[in-house]
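Asks: Here is a sequence together with a model predicted from it:
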Amino acid sequence: MKIEACGLHMRLGSREVLRGLDFVAHTGEMTAVIGPNGAGKTTLLKALAGLLTPSAGAVTLDGRAMADWPPLVRARSLAYLPQERTTHWALSARAVVALGRLPHQPMGAGESAADARAIDAALAAMDIGHLAERPVLEMSGGERARVLVARALAQEPVALLADEPAAGLDPAHQLTLFHHLTALASAGRTVVVALHDLSLAARFCHRIVLMQAGRTIAAGAPEDVLKSEHLAAVYGINARYATIEGVPVVLVADVLP
């Protein structure tokens, strides 16, 4: 599923958050959206998910306007993982993950064999099978984050939009998550992630979109976007893209004076 935004403007109250932004994410790729705090990353992902209506411009899925997609078809095709990890009910981890199957279930139908397989696969992918019966309100922030990621995975979407999916995860589970997201992209899904971790973007993403003040500053392959001059101009840091033992990373030396 190709996700595209053309000339996107978005106002939140009196503030213009997105300013004529163009964006594209291709089928079979993982695209990172990066930029400093306040750049508009979360607003962009919400617009791409159809949760916010732009004041100008358009979002299309496979060349079809967002409004032209039947709600149920869109719910099955597109999953959005918000940055917030808030849960309000003492549901078990498995019950929370099972919520991801709701778009696939006829009204009033119970859990099918296909639902059970998807739920179990998502629990295993996030290494939380042993937490399946534990209430999420009794979990650590990192464990809860993995449950919510698993809920999105259980939906088996054609496209996954994830806002800071690695936040709160320890390094091992960050890598596990991104290996899984890479596998989803390789299987023909479209994955879009908003990230602060530049090294994760450099290592795992096919394409990077660098934002500042609601605009796109650069877009393309990691080595083309994560240039020292771009990082200096947008983040105010002395940093460079490098490869250590075959692994792409971004080495940050210091904040620029």
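Replies: Thanks, I have the structure now.
Asks: my guess is residue 251 contacts residue 240, does it?
Replies: Yes: counting by CB atoms under 8 Å, residue 240 is a contact partner of residue 251 at 5.6 Å. C-beta here means a position set from N, CA and C on the backbone, and glycine is covered the same way.
Asks: Which one's more surrounded, the two?
Replies: residue 240 (15 against 12; other CB atoms under 10 Å).
Asks: who touches that one in this structure?
Replies: 228, 231, 250-251, 253 (CB atoms under 8 Å, 6 or more residues apart in numbering).
Asks: For those residues, give me CSV that also has distance to residue 3, secondary structure and pLDDT.
Replies: As requested, these are arranged in CSV below (distance: CB to CB, whole Å; DSSP: H, G, I helix; E, B strand; the rest coil; pLDDT from 0 to 100):
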residue, distance to residue 3, secondary structure, pLDDT
228, 29, helix, 98
231, 26, helix, 98
250, 25, strand, 98
251, 31, strand, 97
253, 35, strand, 96
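Asks: Let's see the ChimeraX selection covering just the buried ones among those.
Replies: ChimeraX command restricting the contacts of residue 240 to the buried ones, with burial defined by 16 or more other CB atoms under 10 Å:
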select :231,250
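Asks: Which of the contacts of residue 240 sits closest to residue 86?
Replies: residue 250 (30.2 Å; CB to CB).
Asks: For that closest one, name its beta-bridge partners.
Replies: residue 241 (DSSP bridges).
Asks: Can you mark which positions in the top helix by length along the chain are buried?
Replies: Ranked by residue count, the top helix of the chain under DSSP state H comes out as helix 171-186. For helix 171-186, a neighbour-count test (16+ other CB under 10 Å) marks 173-174, 176-178, 180-182, 184-185 as buried.
Asks: of all those, which two lie farthest apart?
Replies: It's 173 and 185 that sit farthest apart of the buried residues of helix 171-186, by CB to CB, at 18.8 Å.
Asks: what do residue 251 and residue 240 both touch?
Replies: With CB under 8 Å, 6+ apart, residue 251 and residue 240 have no common neighbours.
Asks: Chain neighbours aside, what residue packs nearest to residue 40?
Replies: Closest residue to residue 40 apart from its sequence neighbours, by CB to CB, 6 or more residues apart in numbering: residue 214 at 4.3 Å.
Asks: Now for that neighbour: which residues touch it?
Replies: Counting by CB under 8 Å, 6+ apart, residue 214 has contacts 10, 16-19, 21, 39-40, 43.
Asks: Which one of those residues sits in the busiest neighbourhood?
Replies: residue 18 (28 neighbours).
Asks: Could you export the host helix or strand of it as PDB, CA atoms only?
Replies: Residue 18 is part of strand 15-25 when elements are defined by DSSP states H and E. Output of strand 15-25 as PDB, limited to C-alpha atoms (Å, rounded to 0.1, in the frame of the first residue of the first chain):
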ATOM      1  CA  ARG A  15      -0.800  27.100  15.100                       C
ATOM      2  CA  GLU A  16       0.100  25.700  11.700                       C
ATOM      3  CA  VAL A  17       1.900  22.400  12.300                       C
ATOM      4  CA  LEU A  18       2.300  21.100   8.800                       C
ATOM      5  CA  ARG A  19       3.200  23.600   6.000                       C
ATOM      6  CA  GLY A  20       2.700  22.300   2.500                       C
ATOM      7  CA  LEU A  21       4.400  19.000   3.300                       C
ATOM      8  CA  ASP A  22       4.900  16.200   0.700                       C
ATOM      9  CA  PHE A  23       5.400  12.600   1.800                       C
ATOM     10  CA  VAL A  24       5.500   9.200   0.300                       C
ATOM     11  CA  ALA A  25       6.000   5.700   1.800                       C
END
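Asks: pLDDT on that strand, on average?
Replies: Throughout strand 15-25, pLDDT has a mean value of 96.
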